[in-house]
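Asks: Here you go, sequence then predicted model.
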Amino acid sequence: MTETTPLIRVEGLTVEFPVRGSTVRAVDDVSFEVSRGEIVGLVGESASGKSTLGLSLLRMVPPPGEVRAHRMEFDGRDLSALTESQLRQIRGSEISLIVQDALATMNPVTTVLEQITQVVRDHEGVRSRRVLRERAVQALRDVQLPDVEMNLGRFPHELSGGMQQRVAIAQGLILGPKLIIADEPTTALDVTVQAEILALLKQIRDSGTSIVFVTHDLATVAEICDRVLVMYAGRIVESGTVAEVFAEPQHPYTQGLLASLLPLGGEPPERLEAIPGQPPRPDAWPSGCRFHPRCVLWKSKGEPHICRDEDPRPDESQPHWAACHFALEGAGS
Amino acid sequence: MSQPDASVAVFEVRDLVKVFRARGRFRSGRARPALDGVSFEVRQGEALGIVGESGSGKTTLGRILIGLDTATSGEVLYQGEHTRAMGRAARRAFRQRVQMVFQNPFASLNPFRTVRSALADGFSRRRLSRVERDEAMVSLMEQVGLNESMLDRYPHEFSGGQRQRIVLARALTVEPGVLLADEPVSALDVSIQAQVLNLLNDLKARLGLTLVFVTHDLRVVNFFCDRIAVMYMGRIVELGTRAQIMEASRHPYTRMLLSAAPHDVPGLEIDRPWVRNELDATTPLGNSCNFASRCWARQALGNPDRCTTERPQSRAGHDGQLVACHFEAEIPALAAAESTS
């Protein structure tokens, strides 16, 4: 495998859940790549499918959910062809998951030491207490946990929220994964702690690990991501580098999201440019372009039929694209 | 609705202290007070933001203000009257004039009652005929951006943003003068957050509401609030107008909080030397500045003794900004030096 091939290459990924006799597509035919050593932001509102998409990379979508894809390659291997036991080998050691509520992922009656060395025992068969301890100390130092020696013997509930998240990240890093899926890892944290965790994720990226950063918060995307995928109603509606997407958002939804981001200081606007309406639910995605019922551009253009009837087919080979029939006109308007 | 008069204080809070004591086997010798001598006023018609991180005491302060909890010591005056010593009639009026909206709109609504039934309670005092009441309900629903057809639905049939609108409508049924909003938009999607903030702004202007807005979100207070109080470990460390706090803060904690918030400019590398150490609850009590152990300015000044031996009092400068820091005059210059170094 050469360094230039993407770490993850996904084409036509769909995640379906059977609901009362029919099926609901939480993620619908998405394609993307993640390169080595980059942070890709997966941004969206609730029910956009961002978390489900993140989990589908680990094939950890809860049953009866079903993941299908034309192609799903991780580091040159076909993820969809792997058996459950092969997947278990990959999870934790090559792809690891960090979630919002770190405490909930930990066993409340095991110490930090046992907690984070569990995966080392399971995956590498290491039994030596001395070696395990050394590995734990190193992993916790890497994530800058204060007072490592003292905290090793503590239980998860004795740690502050930021320390819990550091331990969870240490656990995710201890086997040296190539990819980390971080699902809203800083949402529950105070801003000062968040700033430190974001800085830590950037360091992890700089050491060569790729990160898929799932979030609803555009400000954190601007802060740490290299590229961003904007999700709406189960689809990726815009993709590009963070610099391009923030400077020239092409999709009216992305434009709306950016306009909803409140300024930090400066004379506040009288009114916010809010996107009207509600995000749709997966059991009732609108026809055509799924954003059209809420789209200001559609309304200003006199509600053209194409938006209601036809799926936008963007040229996804472009470095920056948007799934909008009027994408290029929409930019900057 | 008469024009609100900003020179009138709706609430006056004096030296509020709240200590939560653990009982039984969890009892420990010393408890750090959740509120440690808080004084401020809420002026008529303003939106006052109370910001702080978790554990700062902001929610406890809000709860005591509206009478959901009682203080260990200190006093709260509502329109000049002690809230603890109110007679029955005054208390009843207080409970009608002061309403609240919380973060989780699902927990605030009874799942077995329709919207109509939830709203009806507030109208029962107003002696309206059935027709008048129904008309008032419809107009209220419209005011919060919902429609009449939704009146007979149950809370689970609504999205988070819609539920928050229902909670707002219910608070407005009694025609309140003051609204306490504790993280009212934190649980909502970004696009819905903007809608609800616009709605709150409209209602505030139209009904002359006084708003106390408790939140951790600096972007929200900057948009919404006329004045901002910054809390840290049970104390108000700085209080001033929006511009004073967001753009000309003289307290090192406020400065730290502002610099820690994620910016929205891609590629901008911000070094944050002053953001360090998670909240350290073991800070010595008594005659010390609560922030001393995390304070970047104290370090830059060569760790003066005064920070750990003398509790800084909030002093109002000539511009009315209250700052609880011994070295407030030096903070802006120090901050400029830190961010360029």
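Replies: Perfect, I can see it now. Keep in mind it's a predicted model, so treat the numbers as computed, not measured.
Asks: hey, let's count contacts and neighbours off CA atoms from now on
Replies: Noted.
Asks: Hmm, B:Val138 is touching B:Asn147, no?
Replies: Yes. Assessed by C-alpha atoms under 8 Å, B:Val138 is found in contact with B:Asn147 at 7.2 Å.
Asks: Now do stretch B:82-102: distance from first to last residue.
Replies: Start-to-end span of stretch B:82-102 (C-alpha to C-alpha, to the nearest Å) is 25 Å.
Asks: buried residues in it?
Replies: B:83, B:94, B:96-102 (16 or more other C-alpha atoms under 10 Å in any protein chain shown).
Asks: just stretch B:168-178 next, same as before
Replies: Using 16+ other C-alpha under 10 Å as the burial criterion, the residues of stretch B:168-178 that qualify are B:168-178.
Asks: So between B:Val138 and B:Asn147, which is more surrounded?
Replies: For B:Val138 and B:Asn147, the more surrounded residue by other C-alpha atoms under 10 Å in any protein chain shown is B:Val138, and the numbers stand at 18 against 14.
Asks: Does that one lie in a helix or a strand, and which?
Replies: In this assignment (DSSP states H and E), B:Val138 forms part of helix B:130-143.
Asks: near chain A, anything from that helix?
Replies: No. Helix B:130-143 lies apart from chain A when judged by C-alpha under 8 Å from any C-alpha of the partner chain; the minimum separation is 14.8 Å.
Asks: How far off centre is that helix?
Replies: Distance of helix B:130-143 from the chain centroid (C-alpha atoms, centre = their mean, to the nearest Å) equals 30 Å.
Asks: do the same with stretch A:206-218
Replies: Distance, centroid of stretch A:206-218 to centroid of chain: 7 Å (C-alpha atoms, centre = their mean).
Asks: mind listing what A:Ser260 touches?
Replies: Residues in contact with A:Ser260 (C-alpha atoms under 8 Å, 6 or more residues apart in numbering or on different chains) are A:272-275, B:190-191, B:194.
Asks: Actually, A:Ala222.
Replies: Contacts of A:Ala222 by C-alpha under 8 Å, 6+ apart are A:242-243, A:246, B:262-267.
Asks: go again using 7 Å as the cut-off
Replies: Applying C-alpha atoms under 7 Å, 6 or more residues apart in numbering or on different chains to A:Ala222 gives the contacts A:242, B:264-266.
Asks: Chain A contacts on the stretch 51-200 of chain B?
Replies: Proximity of the stretch 51-200 of chain B to chain A (C-alpha under 7 Å from any C-alpha of the partner chain) is limited to residues B:53-54, B:189-191, B:194-195, B:198.
Asks: Residues of the stretch 51-200 of chain A that sit close to chain B?
Replies: A:190-193, A:195.
Asks: Skipping adjacent residues, who's closest to B:Val265 in space?
Replies: A:Ala222 (5.8 Å; C-alpha to C-alpha, 6 or more residues apart in numbering or on different chains).
Asks: what about chain B, any weak spots by pLDDT?
Replies: B:1-3, B:22-31, B:271, B:273-285, B:340-341 (pLDDT under 70).
Asks: Torsion angles phi and psi at A:Cys289?
Replies: Backbone geometry at A:Cys289, expressed as degrees, to the nearest 10, gives phi -70, psi 120.
Asks: again with B:Leu77
Replies: According to degrees, to the nearest 10, B:Leu77 has phi -110, psi 130.
Asks: Counting neighbours, what do you get for it?
Replies: Other residues close to B:Leu77 by other C-alpha under 10 Å number 18.
Asks: same thing with B:Arg206?
Replies: 10.
Asks: Quick one: end-to-end length of stretch A:289-299, please.
Replies: Terminal-residue distance, stretch A:289-299 (C-alpha to C-alpha): 13 Å.
Asks: The helix holding B:Val138: what's the following helix or strand?
Replies: As assigned by DSSP H and E, the chain's next helix or strand after helix B:130-143 is helix B:160-172.
Asks: if I pick the closest residue to B:Glu247 other than its chain neighbours, what's in contact with it?
Replies: In this structure, B:Glu247 finds its nearest non-sequential neighbour in A:Gly265, 6.5 Å apart by C-alpha to C-alpha, 6+ apart. A:Gly265 makes contacts with B:222, B:246-247, as judged by C-alpha under 7 Å, 6+ apart.
Asks: Helix, strand, or coil at A:Gly265?
Replies: Secondary structure, DSSP: H, G, I helix; E, B strand; the rest coil: A:Gly265 is coil.
Asks: Report the contact partners of A:Val120.
Replies: Going by C-alpha under 7 Å, 6+ apart, A:Val120 touches A:126, A:175.
Asks: what separates the host helix or strand of it from the chain centre, distance-wise?
Replies: Taking DSSP H and E as the criterion, A:Val120 maps to helix A:112-124. Counting by C-alpha atoms, centre = their mean, helix A:112-124 is centred 25 Å from the centre of its parent chain.
Asks: Sort out which residues of the following helix or strand past that helix are buried, please.
Replies: Following helix A:112-124 in sequence order, the next helix or strand is helix A:129-142 (DSSP H and E). Residues of helix A:129-142 classed as buried: A:132-133, A:135-137, A:139-142 (neighbour count, 16+ other C-alpha under 10 Å).
Asks: Tell me which other helices or strands helix A:129-142 touches.
Replies: helix A:112-124, helix A:148-152, helix A:161-173 (3 or more C-alpha pairs under 7 Å, 6 or more residues apart in numbering or on different chains; DSSP states H and E).
Asks: Next, format these as JSON lines and append distance to B:Phe327 and mean pLDDT.
Replies: Listed next are these as JSON lines, based on distance: least, C-alpha to C-alpha, whole Å; pLDDT from 0 to 100:
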{"stretch": "helix A:112-124", "distance to B:Phe327": "41", "mean pLDDT": "92"}
{"stretch": "helix A:148-152", "distance to B:Phe327": "34", "mean pLDDT": "91"}
{"stretch": "helix A:161-173", "distance to B:Phe327": "30", "mean pLDDT": "91"}
